[in-house]
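Visitor: Provided below for reference: sequence and predicted model.
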Amino acid sequence: VMVVRGTYKSREGKIIGCFRKKFVIHVERLTREKVTGAQVHVGIPASNVVITKLKLDKDRKAKLEAKSKNKAAAKKEDATMSNVD
């Protein structure tokens with residue numbers, strides 16, 4: 001992913017963690033140093049990043065194809081119902 005907003009703008013890296021409860025993701029190489037000297041990952045809101053490369057395996061690809069097929073069927077159904085008065 002590539003960060004497009006905020007302090008870490010234009011930085012790239014892989015997603016290493018996704019926290020749905022906090023609405024943030026952790027990106028590789030985006031860390032800050034705590035007062036104790038420990039390195040911690042910075043939480044980046046998911047809306048502030050752009051996916052640059054998607055890891056697709058067989059199952060994920062099948063899921064995306066099924067989803068697009070259902071969307072096309074729903075759109076076709078909406079078009080046929082729009083002609084009914």
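Guide: Sure thing, it's come through.

Visitor: contacts for the helix or strand of the chain with the lowest mean pLDDT?
Guide: None of the helices or strands of the chain scores lower by mean pLDDT, DSSP states H and E than helix 58-82, at a mean of 83. Applying CB atoms under 8 Å, 6 or more residues apart in numbering, the set of residues contacting helix 58-82 from outside is L56. No exception for glycine: its C-beta is placed from N, CA and C like everyone else's.

Visitor: Swap in 6 Å and give it another go.
Guide: Here helix 58-82 makes contact (CB atoms under 6 Å, 6 or more residues apart in numbering) with no residue beyond itself.

Visitor: and if you look at stretch 2-15?
Guide: By CB under 6 Å, 6+ apart, the surrounding residues in contact with stretch 2-15 are V1, I25, V27, E28, R29, L30, I44, N48, V49, V50, T52.

Visitor: Return the distance of that stretch from the chain's centre.
Guide: In terms of CA atoms, centre = their mean, to the nearest Å, the centre of stretch 2-15 is found 13 Å from the chain centre.

Visitor: One more: stretch 50-67?
Guide: So, by CA atoms, centre = their mean, the centroid of stretch 50-67 is 12 Å from its chain's centroid.

Visitor: just the buried members of the contacts of stretch 2-15?
Guide: Buried members of the contacts of stretch 2-15, scored by 16 or more other CB atoms under 10 Å, are V1, I25, V27, L30, I44, V49.

Visitor: where does the chain dip in pLDDT?
Guide: Counting by pLDDT under 70, the ranges of the chain that qualify are 77-85.

Visitor: going on from the longest strand along it, what's the next piece of helix or strand?
Guide: In the chain, ranked by residue count with DSSP state E as the criterion, the top strand is strand 24-33. Per DSSP states H and E, the first helix or strand lying C-terminal to strand 24-33 is strand 39-45.

Visitor: before we move on, the earlier item: in TSV: the contacts of stretch 2-15, plus distance to S68.
Guide: Shown next, in TSV, are these (distance: CB to CB, whole Å):
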residue	distance to S68
V1	22
I25	25
V27	28
E28	30
R29	33
L30	32
I44	28
N48	26
V49	23
V50	21
T52	21
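
Visitor: sorry, back to before: is it possible to get a markdown table of the buried ones among the contacts of stretch 2-15 that adds distance to I15?
Guide: Output for the buried ones among the contacts of stretch 2-15, formatted as a markdown table (distance: CB to CB, whole Å):
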| residue | distance to I15 |
| --- | --- |
| V1 | 6 |
| I25 | 5 |
| V27 | 6 |
| L30 | 10 |
| I44 | 9 |
| V49 | 8 |
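
Visitor: With that, I have no additional questions.
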